[in-house]
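Chemist: fold the following and give me the result.
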Amino acid sequence: MAHKIVSLHAAYKSRGEVVDGFLARPLTHKPTPALVLLHGYRGLDDAHRAIARKFAGEGFVCLAPDLFEGKISSDPAYSALLKTSLDIERAVEKIIDSVAYLRMLPAVRQKKIALSGFCMGGGLALYGLSRSRRFSAGLIFYQSLFPDPAELKGIRAPLQCHYGAEDPNTTKAEVEMFRDTLTGYGKKFDIHIYEGAGHAFLNNTSRKNEADRQAAERAFTKASRWLKKTLA
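Modeler: Model (predicted):
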């Protein structure tokens, strides 16, 4: 059963800087698991907010930090510039510092926080998981920012990862290299690949492709069930 939710502006401090964001949570007095949800190269747009609300409806306190400091783009060239200009080390600090903020919230079951991301955010989530043990699970969607393989050695949390088989940005070759690296390091992970689906099938609400729509439904269902079990 879907929860009634409330969504609102959020902000927390990281190294003396205020990080703005968006928070959606179930409208309940019962403490619930939390999820940090990292946006792609379009920024913290309406589509990303919609996904945060969707996860909140499944029972998670969902925080989406604004890593582009208010910049939102629908232009692919400018979006790519924002992504490739990002200070990755500073972004990862902001991501990790979100945990302390979430643990102050009465609505959060304190030790159960997952880290997730889409496209650029998927790669940043891998960095966060490799640099910090504060996260209990990693939910990765078609990362288009690829950390050095050595970075993945530091990951301790279990991973669930989702990809479209026809994705030109996160190619089959990239996914297989990722799989091989995780296997070589003995990591706990599951990789799900959806035939016919392209890039951003979950967070692109304008898609009309039936394969993308089916992939989005299947991936969200798998992700929600896995998070509930892993964070229980």
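
Chemist: Three-state assignment for the closest residue to residue 143 other than its chain neighbours, please.
Modeler: Nearest non-adjacent residue to residue 143, counting by CB to CB, 6 or more residues apart in numbering: residue 122, 3.1 Å away. Where C-beta positions appear, they are placed from N, C-alpha and C, glycine not excepted. Three-state assignment for residue 122 (DSSP: H, G, I helix; E, B strand; the rest coil): helix.

Chemist: you'd agree residue 122 is up against residue 144?
Modeler: Yes. The pair residue 122 and residue 144 qualifies as a contact (CB atoms under 8 Å) at a distance of 7.1 Å.

Chemist: quick one: residues in contact with the longest helix seen in the chain.
Modeler: Assignment by DSSP state H gives helix 210-230 as the longest helix of the chain. Contacts with helix 210-230, where a contact means CB atoms under 8 Å, 6 or more residues apart in numbering, come from 33, 35, 54-55, 58-60, 114, 116, 136-137, 139, 141, 158, 160, 162, 164, 166, 190, 192, 194-198, 201-202, 204, 207.

Chemist: averaged pLDDT, stretch 154-168. What do you get?
Modeler: Averaging pLDDT along stretch 154-168 yields 97.

Chemist: first-to-last residue distance for it?
Modeler: 28 Å (CA to CA, to the nearest Å).

Chemist: report the angle between the least confident helix or strand in the chain by mean pLDDT and helix 210-230.
Modeler: Of all helical and strand segments in the chain, the minimum by mean pLDDT, DSSP states H and E falls on strand 108-118, at a mean of 91. Using axes from the mean of the first three to the mean of the last three CA atoms, to 10 degrees, the inter-axis angle of strand 108-118 relative to helix 210-230 is 150 degrees.

Chemist: give the partner strands of strand 108-118 in its sheet and their orientations.
Modeler: strand 32-38 (parallel), strand 137-141 (parallel) (DSSP bridges).
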